[in-house]
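**Student:** I'd like to go over a predicted model; first the sequence, then the structure.
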Amino acid sequence: MKKITIVYWSNGGNVEVLANSIAEGIKDAGAEITIKHVNEAQVEDVTSADAVAFGSPSMDNNRIEQQQMEPFINQFKLLPNDNKRVLLFGSYGWDGGNFIEEWETKMKDYNFNVIGKIAVNEAPSPEELKRAKELGKKLATF
Ligand SMILES: Cc1cc2nc3c(=O)[nH]c(=O)nc-3n(C[C@H](O)[C@H](O)[C@H](O)COP(=O)(O)O)c2cc1C
C-alpha cells in the first residue's frame, strides 16, 4: 500500500478545505494517508512517504507562507528527494496563482517530481474541490 503525506498551512481554512478534498482522492486510490498542519509535521513525514502533497496560501508579497511553511520546505534543499512525486496546492487573494508557479520551480530545483498543482482564488468552488480530489487520486496512483 502506498503511503502518502499531506502537509499544509492554513489560517482561514481555504487551503485546509483543499487538503481534505485531496485526502478523499488519496483514500479513493486505496493509499494510506497522513495529513498534518505544518506546525505538527516532521521531515520524516515526507522522507518516509511514497508521495507528498504540500499546501499553502499566497502570503505577504505573493510567496508561500513564510513563518512555518517556507522553513519546512527549505529543509529539503539538501536532502536526496529522489524525484519523489509531489502535488502542490494553495489559495491566493490577488496574485493570480503566480506563487504556486514559483513554488513549482523551487520544488523541481530540490529534485521533486511535481505531478500536478492547483491554486484557487480564496475559497475553492465545488468544481475546484472536485479537481483537487482528482489530483489526490492521481498523486497516489503509480
Ligand atoms: C496576512 C495576509 C497576507 C496575504 N498576502 C497575500 C499575498 O501576498 N498575495 C495574495 O495573492 N494573497 C494574499 N493573501 C490572501 C490569502 O492568500 C488568501 O486569503 C487565502 O485564501 C488564505 O488561505 P487560508 O484560508 O487557508 O488561510 C493574504 C492574506 C493574509 C491574511
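**Tutor:** Everything's here; your move. Numbering: from 1, shown residues only.
**Student:** Could you pick out the residues of the chain near the ligand for me?
**Tutor:** Counting by Cβ under 6 Å from any ligand atom, the residues of the chain lying close to the ligand are 10-16, 57-62, 91-95, 122. (Each C-beta comes from the backbone N, C-alpha and C, glycine too.)
**Student:** Which of those residues are buried? Put it as a PyMOL command.
**Tutor:** Written as a PyMOL command, the selection of buried residues from those, which uses 16 or more other Cβ atoms under 10 Å, is:
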select buried, resi 10+14+15+16+57+58+59+91+92+95
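**Student:** Pick out the residue closest to the middle of this protein.
**Tutor:** To find the centre residue of the chain, average its C-alpha atoms and take the closest one (Cα atoms, centre = their mean): that gives Phe54, at 1.9 Å.
**Student:** tell me the phi and psi of it?
**Tutor:** For Phe54, the backbone dihedrals (degrees, to the nearest 10) come out as phi -120, psi 140.
**Student:** Return the distance of it relative to Phe89.
**Tutor:** Look at Phe54 and Phe89: by Cβ to Cβ, to the nearest Å, they are 7 Å apart.
**Student:** Kindly point out which residues are neighbours of both of these two.
**Tutor:** Overlap of the contact sets of Phe54 and Phe89 (by Cβ atoms under 8 Å, 6 or more residues apart in numbering) consists of Tyr8.
**Student:** Buried residues of the helix or strand encompassing Asn20, list them for me.
**Tutor:** Counting by DSSP states H and E, the element that carries Asn20 is helix 14-28. Within helix 14-28, the residues scored as buried using 16+ other Cβ under 10 Å are 14-23, 25-27.
**Student:** Much appreciated, bye for now.
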